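In: got a predicted structure here, sequence first:
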Amino acid sequence: MKVVKFAAVVLAASLSAVALTASAQVMVGGAPMYSSKDIIDNAVNSKDHTTLVAAVKAAGLVDTLKSPGPFTVFAPTNAAFAALPSGTVDTLLKPENKPALTKVLTYHVVAGKMDSAALSRAIDAGGGKATLTEVSGGTLVATKSGSMIMLSDESGGMAHVTIADVVQSNGVIHVIDKVLLPK
């Protein structure tokens with residue numbers, strides 16, 4: 001009887017571990033990203049996205065990115081923000097610059113859920129380029145080099161998707177290595 005109970009406990013623990021592992025889609029910034037959580041609830045746990053989270057809070061976009069969406073978010077890392085000219089982030093985070101910050105942040109968001117397969121199909125259908133309209137109204141051009149997806153912004157910058165398909169309950173995040181800038 002004790003052996004059966006022990007086996008049942010071990011089986012239950014194993015199934016719990018499998019369920020926990022299955023719900024964690026990928027690690028970003030040292031934290032598991034769960035498809036059952038929304039964009040904000042996952043992003044706040046990534047040590048690589050603390051600047052992005054602070055900017056989203058300063059712009060008042062938390063409730064938007066917690067809404068049902070779906071959204072495709074191209075999420076710049078802290079290193080991407082650090083590569084901007086000195087003082088840019090501090091200036092954008094000032095309350096009087098909220099409209100400019102909002103424009104930059106929403107330039108990283110596409111309405112709808114576009115995983116890497118959908119992005120690749122759009123690029124292929126466009127003869128090697130796909131124009132994405134951001135919620136800010138601007139456009140990005142997506143291209144591929146092998147299997148890597150790249151995004152060109154309206155200011156001539158280019159970001160690479162470094163971690164694709166971080167599935168969220170309200171969309172998908174693609175981690176990028178550069179901050180995209182509208183005109």
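Out: Done, it's in.

In: could you pull out the helices for the chain?
Out: Taking DSSP state H to define them, one finds helices in the chain at 2-23, 39-43, 50-59, 62-66, 78-82, 88-92, 98-106, 116-125.

In: among the ones you listed, which gets the worst mean confidence?
Out: Mean pLDDT per stretch puts helix 2-23 lowest among the helices of the chain, at a mean of 41.

In: Leu181 reaches Glu154, doesn't it?
Out: Yes: counting by Cβ atoms under 8 Å, Leu181 touches Glu154, with 7.3 Å between them. Placement of C-beta: from N, CA and C, glycine included.

In: separation between the residue lying closest to Thr91 once chain neighbours are set aside and Pro70?
Out: Using Cβ to Cβ, 6 or more residues apart in numbering and skipping residues adjacent in sequence, the residue nearest Thr91 is Asn97, 6.1 Å away. Using Cβ to Cβ, to the nearest Å, Asn97 is found at 29 Å from Pro70.

In: before we move on, what about Gly30?
Out: Gly30 sits 26 Å away from Pro70, going by Cβ to Cβ.

In: who has more neighbours, these two?
Out: Pro70 (16 against 9; other Cβ atoms under 10 Å).

In: now that one: phi and psi?
Out: For Pro70, the backbone dihedrals (degrees, to the nearest 10) come out as phi -80, psi 160.

In: hmm, Lys113 and it touching each other?
Out: Yes: the criterion here is Cβ under 8 Å, and Pro70 meets it with Lys113 at 4.0 Å.

In: any residues in contact with both of those two?
Out: 171-172 (Cβ atoms under 8 Å, 6 or more residues apart in numbering).

In: model confidence score at Tyr34, please.
Out: Residue-level confidence at Tyr34 comes out at 86, pLDDT.

In: quick check: it vs Lys98, distance?
Out: 30 Å.

In: just the C-alpha atoms of the biggest strand by length in the chain, please, in CSV.
Out: As assigned by DSSP state E, the longest strand anywhere in the chain is strand 158-168. Extracted in CSV, the C-alpha atoms of strand 158-168 (Å, rounded to 0.1, in the frame of the first residue of the first chain):
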residue,chain,number,x,y,z
MET,A,158,17.8,47.8,-38.6
ALA,A,159,17.0,45.4,-35.7
HIS,A,160,17.4,41.7,-35.7
VAL,A,161,15.0,39.3,-34.0
THR,A,162,17.1,37.5,-31.4
ILE,A,163,14.4,35.5,-29.7
ALA,A,164,11.3,34.8,-31.7
ASP,A,165,7.9,33.5,-30.8
VAL,A,166,7.6,34.3,-27.1
VAL,A,167,3.9,33.4,-27.0
GLN,A,168,1.7,35.4,-24.6
